[in-house]
Every structure is written in structure tokens, then in C-alpha cells.
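Colleague: The following comprises the amino acid sequence and a computationally predicted model.
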Amino acid sequence: MSARLPVLLPSAERLARTALDERREGWRLRLSAQQGGALCAAFVAGCAIAQAQTPAGYPSIVETIWKWTPLLARGFVFNLAISFMAMGIGTVAGLFLGFAQISLLKPVRKSARFATHFFRNAPWLVLLFYCMFLIPFETTLFGVRIPIPDWTKATLGLALPVMANVSEILRGAVQSIPTTQWEAAASLAFTRRQSMWMIIFPQCVKRMLPPWMNLYAILTMATVLASIVGVNEMMTLTQRALSAENRPGLLLSFYSYVLLWFFVYCYPIARWTVRLEARYAVNQ
Amino acid sequence: MNNANKAGTAPRTRKARDPNDTRPIVEVRDVHQAFGVLEVLKGVSFSVPKGGVVCIIGPSGSGKSTMLRCINGLVPIQSGSIRVADFDVHRLHSDKEKIALRKEVSMVFQQYNLFPHKTALENVMMAPVHVLREHRDEVRERALALLTKVGLAQKRDSYPGELSGGQQQRVAIARSLAMRPEVMLFDEVTAALDPETVKEVLNTIRELAKEGMTCILVTHEMRFARELADEVLFTDGGKIVEAAPPAQLFDHPQMERTKAFLSQVL
């Protein structure tokens, strides 16, 4: 009971457990090297088609992509900046919300649970639009007018679902610690607060890390949603580049190129998550 | 606290009990306890004198473990009274009071329940440092002495996952002793161990009992109970069926139920 041994479970049992984990931690990103290969193939095919459609006298497709790459890269860095900030804000807020979810006070627990489920189940894009249109474009603080740029609002909009997911990850992790740990702590005269901070939470961190990283990879991919509300990130810049070039054949190659950027960034995170998960599943 | 107590297991001076206090250190009177509609304890009474060793035996589900949990306030009782040293356990409501009680009564569990993210030494040191707020260096010395006492000084930097069941259980005993309790509760501490390691844990407990620690053990080790106990309680169906010194209970049980049980296990 105490030590979970690495055993081969019957597949039904294993699938059921995976389903349960995913319900608790949100869907799992499963990036594989084959998908990367397929993406490369699509990119190459897209380039070939575009090249074939290129009228004489125009620069080659590779040259065109290379020309726009610095701009797109700047957009990608912006995506990453949004993802870092949304993750940071969402994690801090989510930890507060998660601890509120396991509070002994019923009203606190209930409202935290409601907020968690509300933001977890709402479509990300809707939350993004909410933040876009409910937060004013500038605010006045001590008589100073402070503008609130669109990307700040987008970051907050993306931080909301992150917060809700982190809250749920924390609750799941705390509940996955055997109650006997609480009992042992209580019998050694630890208070509830001490038990939480010194005994339960440190054990949770390890369990929270894989789903938290998974959430980050999902968030990074979701940052392109900000293009819909007009933030100058990679997707928006790709659209601008395409309209500047005004060559319909470029569509497939350019969007494959953007996908490749995201894949190259998220793939190592996804692999690392899987590895950590396997390691923690064995020596818990 | 006081530096004179470096030796390790000497009781804390702050709890020196009134020498004129001749009451038993643990007194349980007519305790009823229920989980919802399931009545687990149906009027249990017994007492343990200071330095006494009491073994509780009986079939599974007879309420043995619950009895121990009631004594250190992990489980609330519905009626009756429990007194440990100067604490009326049944009247402790605030967490503060329960915590004061648990400094006097320490418990060792069947599943060891060590903290897996801390080394053996840290497991032993944690409660005295954070709960008793004693000086880290002094606690460290005491913890090392205790680990030496249970024969695991060389394993002090190992994590629980790296120790065998018997070793983990001995660390758990050291961890409880580090609180310098007046009473130790052992809840089937050898039940989860493989036979070869049972002995090392029992030896540790034997040593403690011989040093005069008040012990209440729930156990299935009949030979051990017979050797060590001052009194053996046989429980069944939430009641104490028979209570007697081991020689009498094992050799001349009075009740039919006791006879039936002993004939099965001996």
C-alpha cells in the first residue's frame, strides 16, 4: 500500500487511470517525434507547391521566408513573453485559489471551487474577449493616466484559465497525498498549517510539476489566440507578412513554418513532462 | 531548552509530574465511539499505570486501533471519559489543547507514515524543532542518539524509500521518542513487516518498555504480548471481553470468546 511498485497494469485499468488523471489535470499534450516529422514534411511540401506557383522574376520561397523570419521571431518572442507572464500570474493566483479550495471554512471552499470550475470550463477565447472588452484601455491612478495596452489585457485573459487549472492541480495533488501523512503529522503535534507547509505541500510540488509543465505548453500554444484581439504576436505578424507579399501560394508554407516554431519550443517541454511523470510514478 | 538532557531519552523536566499523583497515567472510562451509525466502541474502560505495558489483542474490526486513536485525540468520542496525565482528552476542543496532549502521547503506525521527502534524521528532528521549538543543535544530538538507540545511526541520511520496512518502523519509533512523550501508542507496528524484520522492531520496543516507558500496544504478536505486558486486554465487538495479566489470560482464559480466539491464533 505504501510503496507503489512499477507494475504492468491491464490495459483497461491503465486507460481508466489515464482518463481519471486527465479529468483532474486537463487534457494532456502528447507531442511525438512523428508529428514533428509530419510537420516538416508539410512544410517542405508547402514550400514546393509555393515554389511551383511562383511566377518568374519573384524571389524564391526560401528567400521570402528568410526575409520575414526576423519579424516573425520577434513576434514569437512576444508570444513567449505573454506565456511567461500569464503563467506567472496564473500560478500565483491559482495557488491562492487552490488553497482556498481545501480551506476548512465552507464559504471559502465553496466559492473557490465555483471560481475554479467556472474559469476551467469556460472557453479560453471567450475569457480573452471578456478581458479585452471589460478592462478599459486606460485607467487613472492618482491623477496619472496609465494606458493599458492590449497585450496586458490578453495576458490577464490567458492567466484566468491558467489560474483555474493550477488551482485544480493543487487540489488534486493535496488530495493524492495519503491521509495517513496528515495523521502522522497530527500525532506529532503539528498544527494544520504546519502540516500543510512542512509535510503535505513539499510532497505536492513533485506531483504538481508534470501537469504544471503540460499546462505551460498548452498555454504557449494558446497565446496565438491573442492575434484575434489584435496583439502583435507571431500569428498577427504572419498575417501581415502574407498580405504584404500578396502571393496566395505562400499560405501553406508560412503557416507550417509558424507551426514548426511552436513545435520546436513545446516538444522538449512535453517530452520532459512525460519523463518526469514516469520517474515520479515509480518512486512515490 | 535544558542542556542537561543531551543523553537522549531522558524525560523533559517541564513535565515532571507531581510525585504524589498516584493516579494511573491513562484512564479510559466507559468510552463509546461511532463512525456515523457504525458503533465501534461500546463502553470501554481500562487504565494504565505509569511505566505500565498494556497489550490489546483481538480479531480485526474489534475496535483496537480506534481505542488508540481516541487516546491521542485523533478520533473524537461520543460519550465516556479519557484522561491522559493531566489532560481530559474528551474535553479537548481547541486545536491548541489537542496539540498539548499530543506532546505527551506519541503514536507509531502500522504503515510507518514517515515523511518521504525528509531523511531519517530530518524525520526525527522535525517535530522537536518545529513543534517544541527547541534548539536545532540540541535536537540534532538527541535525534542522533535516538537513531543510534534503534540501531540506525548509519542510515541517518537515507530517505524512507531507501529503507526496509523494519528500518522505517524503527525510524518512526525514534521520531515519536524525540518528542519525549510520557506514553507511547503502538498500532500494529509489526503487521506490515516481513517476518525477518519483525524481531528488530520488537527488540526496540522491548528495550523501551524495560526503561519504564508507558506503552499501549495493539498487536498480533502473542508471544511478545505474553513476555512484555503487565496486562493484556482481549477485545471483541467494541468491548473488552477479558482483561488479565498475560500468564492468566493466555493459560487460563475465563471467557468462552477468549478461549475460542486463542485456540485459533496460538
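Modeller: Alright, I've got the coordinates.

Colleague: Could you use CA atoms for every contact and neighbour count after this?
Modeller: Noted.

Colleague: tell me the contacts of residue A:236?
Modeller: Listed by Cα atoms under 8 Å, 6 or more residues apart in numbering or on different chains, the contact partners of residue A:236 are A:227, A:228, A:230.

Colleague: what's the closest non-adjacent residue to the first one?
Modeller: The shortest distance from residue A:227 to any residue that is not its chain neighbour, by Cα to Cα, 6 or more residues apart in numbering or on different chains, is 5.1 Å, and that residue is residue A:236.

Colleague: before we move on, the earlier item: closest one of the contacts of residue A:236 to chain B?
Modeller: Within the contacts of residue A:236, proximity to chain B (Cα to the nearest Cα) peaks at residue A:227, which comes in at 43.9 Å.

Colleague: so the closest one sits right up against residue A:239, yeah?
Modeller: No - the pair residue A:227 and residue A:239 fails to qualify as a contact (Cα atoms under 8 Å) at a distance of 9.4 Å.

Colleague: Between these two, point out the one with more neighbours.
Modeller: The residue with the greater number of neighbours, taking residue A:227 and residue A:239 and applying other Cα atoms under 10 Å in any protein chain shown, is residue A:227; the counts read 19 against 15.

Colleague: So residue B:69 sits against residue B:75, correct?
Modeller: Yes - Residue B:69 lies in contact with residue B:75 (Cα under 8 Å); the separation is 5.5 Å.

Colleague: Compare these two and say which is more crowded by neighbours.
Modeller: Neighbours per residue, other Cα under 10 Å: of residue B:69 and residue B:75, the larger number sits with residue B:69, 19 against 16.

Colleague: Could I get the contacting residues of the more buried one?
Modeller: By Cα under 8 Å, 6+ apart, the contact list for residue B:69 reads residue B:75.

Colleague: How far off centre is whichever helix or strand it is part of?
Modeller: In the assignment (DSSP states H and E), residue B:69 maps to helix B:64-71. In terms of Cα atoms, centre = their mean, to the nearest Å, the centre of helix B:64-71 is found 10 Å from the chain centre.

Colleague: So which residues make contact with the helix or strand just after it?
Modeller: Using DSSP H and E, the helix or strand that follows helix B:64-71 in sequence is strand B:79-84. Applying Cα under 8 Å, 6+ apart, the external contacts of strand B:79-84 come out as B:25-33, B:43, B:71, B:88-90, B:101.

Colleague: burial of residue A:262, as a residue count?
Modeller: Look at residue A:262: counted by other Cα under 10 Å, it has 16 neighbours.

Colleague: how about low-confidence regions in the chain?
Modeller: Let's take chain A. Per-residue confidence for chain A (pLDDT under 70) gives these ranges: A:1-9, A:22-27, A:281-284.

Colleague: meant chain B actually
Modeller: Applying pLDDT under 70 to chain B flags the ranges B:1-20.

Colleague: Just the terminal-to-terminal distance for stretch B:226-241.
Modeller: For stretch B:226-241, the first-to-last residue distance is 17 Å (Cα to Cα, to the nearest Å).

Colleague: Buried residues in the helix or strand residue A:275 falls within, which are they?
Modeller: Residue A:275 belongs to helix A:250-282 when elements are defined using DSSP H and E. Buried residues in helix A:250-282, counting neighbours by 16 or more other Cα atoms under 10 Å in any protein chain shown, are found at A:250-260, A:262-263, A:266-267, A:269-271, A:273-274, A:277.

Colleague: ok now it, how far from the chain's centre?
Modeller: Using Cα atoms, centre = their mean, the distance from the centre of helix A:250-282 to the centre of the chain it belongs to is 12 Å.

Colleague: In terms of secondary structure, what does it contact?
Modeller: With contacts defined as 3 or more Cα pairs under 8 Å, 6 or more residues apart in numbering or on different chains; DSSP states H and E, the secondary structure elements packing on helix A:250-282 are helix A:33-53, helix A:201-222, helix A:234-245.

Colleague: Spell out which parts of the stretch 51-200 of chain A neighbour chain B.
Modeller: For the stretch 51-200 of chain A, the contact set with chain B under Cα under 8 Å from any Cα of the partner chain comprises A:180, A:181, A:183, A:184, A:186, A:187, A:188, A:189, A:190, A:191, A:199.

Colleague: For the fifth one, which three-state class applies?
Modeller: The one in question is residue A:186. Under the three-state scheme (DSSP: H, G, I helix; E, B strand; the rest coil), residue A:186 adopts helix.

Colleague: Can you name the residues that contact it?
Modeller: By Cα under 8 Å, 6+ apart, the contact set of residue A:186 is A:192, A:195, B:74, B:99, B:102.

Colleague: Give me the secondary structure label for the residue of the stretch 101-250 of chain B found nearest chain A.
Modeller: Closest to chain A within the stretch 101-250 of chain B is residue B:102: 5.2 Å, counting by Cα to the nearest Cα. Reducing the assignment to helix, strand or coil with three-state DSSP, the entry for residue B:102 is helix.
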